[in-house]
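1. Below are the sequence and a predicted model; questions follow.
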Amino acid sequence: MDFLSFLADNLEIFWSYTGFANFTLGHLAMIIVGMVFIYLAVAKDFEPMLLVPIGFGILIGNIPFKDAGLELGIYEHGSVLNILYQGVKTGWYPPLVFLGIGAMTDFSALISNPKLMLVGATAQLGVFGAYIIALMLGFDPAQAGAIGIIGGADGPTAIFLTSKLAPDLIGVIAISAYSYMALVPVIQPPIMRLLTTQKERLIRMKPPRVVTQTEKVMFPIIGLVLTCFFVPSGLPLLGMLFFGNLLRESGVTRRLAETARGPMIDIVTIILGLTVGASTQANVFLKWDSFKIFMIGALAFAIATFGGVMFVKIFNLVLKQENKINPLIGNAGVSAVPMSARISQKIGLEYDPTNYLLMHAMGPNVAGVIGSAVTAGVLLGFLT
């Protein structure tokens with residue numbers, strides 16, 4: 001009997017440590033969300049490089065366990081996941097991602113047609129629109145600023161700014177930003193069709209001029225000085241972005257550029273996505289504020305798309321016929337590179353199979369990357 005009692009007690013203790021004994025409906029809901037992310041990445045090819053790590057991270061973060069000082073969870077000090085999560089919490093993963101983005105980005109389309117920078121700037125309307133909506137829904141200014149940056153359609157920027165302004169919201173804001181980035185092909189096309197006429201969709205833009213190597217080399221240097229002298233608080237992101245681009249364009253640091261845009265950014269993206277996903281533990285993530293942030297995020301993307309398309313329509317009123325811009329590239333002002341530029345191309349080809357807009361759309365698209373980082377710097381400077 002003593003042996004049976006001992007065995008029963010040990011089995012009871014073992015059971016108390018299993019996921020089955022600590023399982024809640026919240027865990028089930030988040031596991032389903034993680035599976036949906038993986039499904040969208042694998043079956044629909046929606047941003048798989050982001051959604052697969054994030055989706056699997058959600059599964060990891062929502063395996064139930066008994067909180068008994070075993071240092072398992074992402075919020076338990078000393079755990080492996082917690083150590084990896086410090087790069088998100090302290091905001092040093094995003095600048096490394098921006099270094100890689102700079103090293104893989106060709107700014108030629110923007111250099112050849114600088115006025116497209118205005119399209120990228122106008123699309124930041126989504127950030128400030130979301131900021132105002134967040135304030136109206138009861139978030140404090142710092143939280144509203146972090147929520148607003150979702151409208152910039154730039155996950156690393158959202159994580160960086162949130163780590164400074166509202167660290168407790170990193171998980172939900174990051175998931176919201178990356179979710180809507182993946183859903184750009186769903187969100188943007190209806191708005192683009194609604195706001196443009198058949199005639200506007202058929203506008204043919206002049207081929208971009210050939211950009212010299214000197215211009216490509218000078219662009220990151222001039223870009224750094226101009227943006228960071230105005231917004232020094234954006235230096236961690238903008239500095240790394242322009243440095244990465246200089247590595248690409250200088251012609252003498254090919255190996256460094258290949259490392260930055262290849263192995264380095266891949267490693268950081270894996271760890272960033274996995275830890276952001278794991279931070280969505282049910283007891284932390286499933287709150288009313290999370291639902292409000294997701295709602296604001298959807299509105300932010302819609303407002304940003306609206307702002308970019310409408311700006312081009314208005315701008316065309318003062319441009320000569322030969323310089324007019326196809327409003328279908330206005331959506332590309334958000335920073336979802338190159339997804340939103342591909343949407344411009346896809347919608348344009350639906351109405352004219354010979355009108356290729358991709359190179360033109362890349363101008364406002366890369367301008368959106370710079371614009372979102374500048375906007376983050378402005379918000380950080382004002383709200384810290």
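-> Sure thing, it's come through. Residues are numbered from 1 along each chain as shown.

2. How much space separates the residue nearest to Arg201 when sequence neighbours are not counted from Phe311?
-> Using C-beta to C-beta, 6 or more residues apart in numbering and skipping the chain neighbours, the partner closest in space to Arg201 is Tyr351 (4.5 Å). No exception for glycine: its C-beta is placed from N, CA and C like everyone else's. Distance of Tyr351 to Phe311, computed by C-beta to C-beta, to the nearest Å: 20 Å.

3. So for the two, which sits in the more crowded spot?
-> Neighbour totals were compared for Tyr351 and Phe311, and Phe311 leads with 22 against 14 (other C-beta atoms under 10 Å).

4. so how far is Leu183 from that one?
-> 23 Å.

5. So for the one helix or strand Val225 maps to, what gets flagged as buried?
-> If you go by DSSP states H and E, Val225 is part of helix 213-230. For helix 213-230, the neighbour count (16 or more other C-beta atoms under 10 Å) marks Lys216, Val217, Phe219, Pro220, Gly223, Leu224, Thr227, Cys228 as buried.

6. confidence score at the fifth one?
-> It stands for Gly223. On pLDDT, Gly223 comes in at 96.

7. Quick check: closest non-adjacent residue to it.
-> Phe242 is the one closest to Gly223 (C-beta to C-beta, 6+ apart), at 5.2 Å.

8. With the last one instead?
-> The shortest distance from Cys228 to any residue other than its chain neighbours is 5.1 Å, reached at Leu235 (C-beta to C-beta, 6+ apart).

9. Please give the number of neighbouring residues around the one you found.
-> 15.

10. what's downstream of the host helix or strand of it, the next helix or strand?
-> Following DSSP H and E, one finds Leu235 within helix 235-249. Heading C-terminal from helix 235-249, the first helix or strand you meet, by DSSP H and E, is helix 254-259.

11. what's in contact with that following helix?
-> Contacts of helix 254-259 from elsewhere in the structure, counted by C-beta atoms under 8 Å, 6 or more residues apart in numbering, are Ala103, Gly244, Leu247, Arg248.

12. any idea which of the residues you listed has the most stuff around it?
-> Busiest of the contacts of helix 254-259 [other C-beta under 10 Å] is Gly244, holding 28 neighbours.

13. pLDDT on stretch 167-180, on average?
-> Mean per-residue pLDDT for stretch 167-180: 89.

14. Could you measure from Pro64 over to Val276?
-> 20 Å.

15. Compare neighbour counts for these two and give me the winner.
-> Val276 (28 against 17).

16. Could you identify the helix or strand that succeeds the strand or helix carrying that one?
-> Using DSSP H and E, Val276 sits in helix 265-278. Next helix or strand after helix 265-278 toward the C-terminus (DSSP H and E): helix 282-285.

17. tell me what the very next helix or strand once past that next one is packed against?
-> Downstream of helix 282-285, the first helix or strand assigned by DSSP H and E is helix 288-315. With contacts taken as 3 or more C-beta pairs under 8 Å, 6 or more residues apart in numbering; DSSP states H and E, helix 288-315 sits against helix 117-122, helix 125-136, helix 141-148, helix 170-182, helix 184-195.

18. Between helix 184-195 and helix 288-315, find me the angle.
-> Inter-element angle recorded for helix 288-315 and helix 184-195: 40 degrees (by axes from the mean of the first three to the mean of the last three C-alpha atoms, to 10 degrees).

19. quick one on the thing from earlier: quick check: the residue nearest to Arg201 vs Arg193, distance?
-> For Tyr351, the distance to Arg193 - C-beta to C-beta - is 10 Å.

20. One more: Phe46?
-> Using C-beta to C-beta, one gets 20 Å for the distance from Phe46 to Arg193.

21. which of these two has more neighbours?
-> Phe46 (20 against 13).

22. on that earlier part again, would you list the contacts of helix 254-259 in a markdown table and tack on pLDDT and distance to Pro208?
-> Shown next, in a markdown table, are the contacts of helix 254-259 (pLDDT from 0 to 100; distance: C-beta to C-beta, whole Å):
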| residue | pLDDT | distance to Pro208 |
| --- | --- | --- |
| Ala103 | 97 | 22 |
| Gly244 | 97 | 22 |
| Leu247 | 97 | 23 |
| Arg248 | 97 | 18 |
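
23. among those, which two are most distant?
-> Pairwise distances among these were taken by C-beta to C-beta; the largest, 6.7 Å, belongs to Gly244 and Arg248.

24. between those two, what contacts are shared?
-> Gly102, Ala103, Met104, Thr105, Ala257, Arg261.

25. can you pick the most crowded of these?
-> Busiest of those [other C-beta under 10 Å] is Gly102, holding 30 neighbours.

26. Now name the helix or strand holding that one.
-> Gly102 is part of helix 93-104 when elements are defined by DSSP H and E.

27. Find the residue closest to Thr24 in space, skipping its chain neighbours.
-> Using C-beta to C-beta, 6+ apart, the nearest residue to Thr24 is Ala282, at 6.4 Å.

28. what sits against that neighbour?
-> Thr24, Gly26, His27, Ala29, Met30, Asn62.

29. quick check, nearest of the residues you listed to Ile150?
-> Looking at those and their distance to Ile150, the nearest is Met30, at 19.7 Å (C-beta to C-beta).

30. Not counting sequence-adjacent ones, nearest residue to Pro338?
-> Pro338 sits nearest to Asn365 (C-beta to C-beta, 6+ apart), 6.2 Å away.

31. How far away from the center of its chain is the one helix or strand that neighbour maps to?
-> Here Asn365, judged by DSSP H and E, is contained in helix 358-383. Relative to its chain's centre, helix 358-383 lies at 11 Å (C-alpha atoms, centre = their mean, to the nearest Å).
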